[in-house]
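Q: Provide a 3D model corresponding to the input given below.
(chains A and B)
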2 protein chains.
Amino acid sequence: MGSTVTHLEAVQAARKTVSGKIERTPTRRIAGSDLDPRLDGLELVFKCEMFQKTGSFKIRGVLNKLASLSPEEKARGVVAMSSGNHAQAVAFGARMEGVPAAIVMPSYAVQYKIDATRALGADIVMCESQDLIATYMRTTQERDAVAIHPFDDPTVFSGAGTLGLELLEDAPDLDAAIVCAGGGGLLAGVATAIKSSKPDTRIVGVEPEGACAIRKSLDAGEMVTLSSVDTIADGLAPPFTGEHVMERVRQYVDDVAVVTDDEIREAMRLVIERLRLVVEPSGAAALAGLLTGRVGVSPGDVVGVTLSGGNINAERLKQLL
Amino acid sequence: MGSTVTHLEAVQAARKTVSGKIERTPTRRIAGSDLDPRLDGLELVFKCEMFQKTGSFKIRGVLNKLASLSPEEKARGVVAMSSGNHAQAVAFGARMEGVPAAIVMPSYAVQYKIDATRALGADIVMCESQDLIATYMRTTQERDAVAIHPFDDPTVFSGAGTLGLELLEDAPDLDAAIVCAGGGGLLAGVATAIKSSKPDTRIVGVEPEGACAIRKSLDAGEMVTLSSVDTIADGLAPPFTGEHVMERVRQYVDDVAVVTDDEIREAMRLVIERLRLVVEPSGAAALAGLLTGRVGVSPGDVVGVTLSGGNINAERLKQLL
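A: Presented below is the predicted three-dimensional model:
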């Protein structure tokens, strides 16, 4: 494929690349009133990505990226920077493809995600969060390895966009898609996939209040890096987004809403009690946005909601419930 | 159908009766080693009944029973005795069929199950657990209603047995099925369905140590009623089983194992962390039995495991994790 490949074609090509290697995760469709009175009149389609390999959507982008590398690049190995879900996906994908992997993880990463990543055979490099970028760049240089960005790479987020194609396949009558956003890779990919396929679909990203770099960058009209982050949604905690992501956000996303940690916890509880699914805080943000009424859907709408990951252990769950 | 209908045919007929009214719940198949090192070498097929209507398998038997009633019986209404899951199923099924329902619930029932049953429009009659049977019989008499037994009725447990047919349909290579048991309706039904269809399949029931009326009745060679029960598995807490159930257990069940509450909690945690599914204590007992090694499966076996319900709220889950 040359440079004339459209954004949608890139996602469709990613789907061919990763299919058979990832889970084709199920969706669950229920009446909004069965979940919460505030959602009365809506029809909800939940994308159950906690059942994905490594427990989150991240493996979709990672496998698409790994497939794009030459044999020579694969031999040099890969490096990733992540608080956990991207880390596990890179470690898992690299092992699957026989590629050496080093993962740079910030000190705020939760322990069970560090342990899970190490168990997958990757080298772990821990650092303080303010040294994250520097450590990442130094590690990449020292190992002469290929960096796999957690979100700001079209090859990575086109892979994430395959989730959007599956959602639309299960719900061709979709009126809106609500997508959790941290760095914004899932949002960029899903927005690309769905808006290009069905342009009248409303696409809204949802960020935690304590780490809303996309919302702030949109408001400022320029890239904003947060001086600190504070959220229970560790998977949505990067203090910045990226140019490639923001280009797609401006092109395909209708709005980006912000939710508090308490709103995320309430959404987690509803998913557990009503859907009987385990979702991590980051994975519940989209539903939190919908519950608060900040995403701008209309009565009668069929609304896709990403449950983007389920990497949480019993101890952490107990703290958050 | 006359009296010549076989046990298996009764389950097959129940399946026709309830299909379209219940969820055809999914199974999840994973390598035992992906769940716990103790299960290395086994292949597990989990029956995800937390996604069933009313959150447990109980609706299967209730709808089969309701379908067997005459219009005159339906007009008189139904009565059920239950700590929660059967209660919700009867309330839901009765509302679906336009039949009045009264539910007798013991004082040990958990509050959110009482609330859920009331929300479904049934009349609730609360009583102390030692008065359960008397209250049940009096309520039935006063209302001149049809009693729907929670387990010891072939029409009810033939309905529950439809879960076994679905499990075998998804895993025709099944070597064993491990089934949670309280009163024993699910065990009787599933054992009937699977043992009659594939006689070399090992069938094992699992009861909580603090409420193991089936195990004790088997050991004593006669029906044993427990003087008290003590278990976190409120859905498995009836202090007695029944003659119809025990007849099926003796005919179709290979063994009944017993697990502690701590073993049930550990199984719940594994289901949450590894399968990302929410299971209530009662629903995790079968897996607990498998983890303890007390169910007698062999390396290489394909083992069906019932996750029979997911009715738990966040507060209770927090207590148990």
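
Q: report the buried residues of stretch A:313-321.
A: By 16 or more other Cβ atoms under 10 Å in any protein chain shown, the buried positions in stretch A:313-321 come out as A:313-314, A:316-317, A:320-321. No exception for glycine: its C-beta is placed from N, CA and C like everyone else's.

Q: mean confidence for that stretch?
A: Stretch A:313-321 carries an average pLDDT of 93.

Q: check stretch A:145-160 too.
A: 97.

Q: hmm, back to that, the buried residues of stretch A:313-321 also near chain B: which ones?
A: Residues of the buried residues of stretch A:313-321 in contact with chain B (Cβ under 8 Å from any Cβ of the partner chain): A:313-314, A:317, A:321.

Q: give the bridge partners for residue A:105, please.
A: residue A:126 (DSSP bridges).

Q: ends of stretch A:206-218, how far apart?
A: 13 Å (Cα to Cα, to the nearest Å).

Q: relative to the whole chain's centre, how far out is it?
A: 14 Å (Cα atoms, centre = their mean, to the nearest Å).

Q: over to stretch A:303-317?
A: Relative to the centre of its chain, stretch A:303-317 is centred 11 Å away, using Cα atoms, centre = their mean.

Q: repeat that for stretch A:268-276.
A: That offset, for stretch A:268-276, works out to 20 Å (Cα atoms, centre = their mean).

Q: in contact with the closest residue to chain B within the stretch 1-150 of chain A, which residues?
A: Relative to chain B, the nearest point of the stretch 1-150 of chain A is residue A:50 (4.1 Å; Cβ to the nearest Cβ). Contacts for residue A:50 (Cβ atoms under 8 Å, 6 or more residues apart in numbering or on different chains) come out as A:56, A:277-280, A:283, A:307, A:309-310, B:276.

Q: which ones among the residues you listed lie within helices?
A: Members of the contacts of residue A:50 lying in helices (criterion: DSSP state H): residue A:283.

Q: just among the contacts of residue A:50, which is most surrounded?
A: residue A:283 (34 neighbours; other Cβ atoms under 10 Å in any protein chain shown).

Q: and it, how far is that from chain B?
A: 10 Å (Cβ to the nearest Cβ, to the nearest Å).

Q: can you check residue A:163 too?
A: 16 Å.

Q: right, and the helix or strand after the helix or strand hosting that residue?
A: Assigned by DSSP states H and E, residue A:163 belongs to helix A:162-170. Using DSSP H and E, the helix or strand that follows helix A:162-170 in sequence is strand A:176-180.

Q: for that next one, give me every contacting residue.
A: Outside strand A:176-180, the residues that touch it by Cβ under 8 Å, 6+ apart are A:164, A:167, A:186-187, A:190-191, A:194, A:201-207, A:233, A:236, A:282-287, A:289-290, A:295, A:297, A:301-306, A:308.

Q: okay, that strand in CSV with CA atoms only?
A: What follows is strand A:176-180, C-alpha atoms only, in CSV (Å, rounded to 0.1, in the frame of the first residue of the first chain):
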residue,chain,number,x,y,z
ALA,A,176,-23.0,7.2,19.1
ALA,A,177,-19.8,5.7,20.4
ILE,A,178,-18.4,6.7,23.8
VAL,A,179,-14.7,5.9,24.2
CYS,A,180,-12.3,6.1,27.2
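
Q: the inter-axis angle of it versus helix A:162-170?
A: 150 degrees (axes from the mean of the first three to the mean of the last three Cα atoms, to 10 degrees).

Q: tell me the mean pLDDT for strand A:176-180?
A: Computed over strand A:176-180, the average pLDDT equals 98.

Q: tell me the strands beside that strand, with direction?
A: Counting by DSSP bridges, strand A:176-180 is paired with strand A:202-208 (parallel), strand A:302-307 (parallel).

Q: need those strands in TSV (columns: mean pLDDT).
A: Formatted as TSV, the strands paired with strand A:176-180 follow (pLDDT from 0 to 100):
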stretch	mean pLDDT
strand A:202-208	98
strand A:302-307	98
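
Q: hmm, back to that, quick one: which of the contacts of residue A:50 is nearest residue B:18?
A: Closest approach to residue B:18 among the contacts of residue A:50 (Cβ to Cβ): residue A:277, at 24.2 Å.

Q: ok, now which ones touch the closest residue to the closest one other than its chain neighbours?
A: Using Cβ to Cβ, 6 or more residues apart in numbering or on different chains and skipping the chain neighbours, the partner closest in space to residue A:277 is residue A:271 (5.4 Å). Residue A:271 sits next to A:277-279, A:284, A:287, A:307 when contact means Cβ under 8 Å, 6+ apart.

Q: just the helices in chain A please.
A: So, for chain A - with DSSP H - the helices run A:7-18, A:58-68, A:71-76, A:85-97, A:111-119, A:132-143, A:154-160, A:162-170, A:185-197, A:213-220, A:243-252, A:261-270, A:281-292, A:314-320.

Q: nearest to residue B:146, of these?
A: helix A:261-270 (35.9 Å).

Q: output the closest one as CSV, nothing but the C-alphas.
A: The C-alpha coordinates for helix A:261-270 follow below in CSV (Å, rounded to 0.1, in the frame of the first residue of the first chain):
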residue,chain,number,x,y,z
ASP,A,261,-12.8,9.6,40.0
ASP,A,262,-16.0,9.1,42.0
GLU,A,263,-18.0,9.0,38.8
ILE,A,264,-15.6,6.4,37.5
ARG,A,265,-16.1,4.3,40.7
GLU,A,266,-19.8,4.5,40.4
ALA,A,267,-19.6,3.3,36.8
MET,A,268,-17.4,0.4,37.9
ARG,A,269,-19.9,-0.6,40.5
LEU,A,270,-22.7,-0.6,37.9
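
Q: I appreciate the help and will end here.
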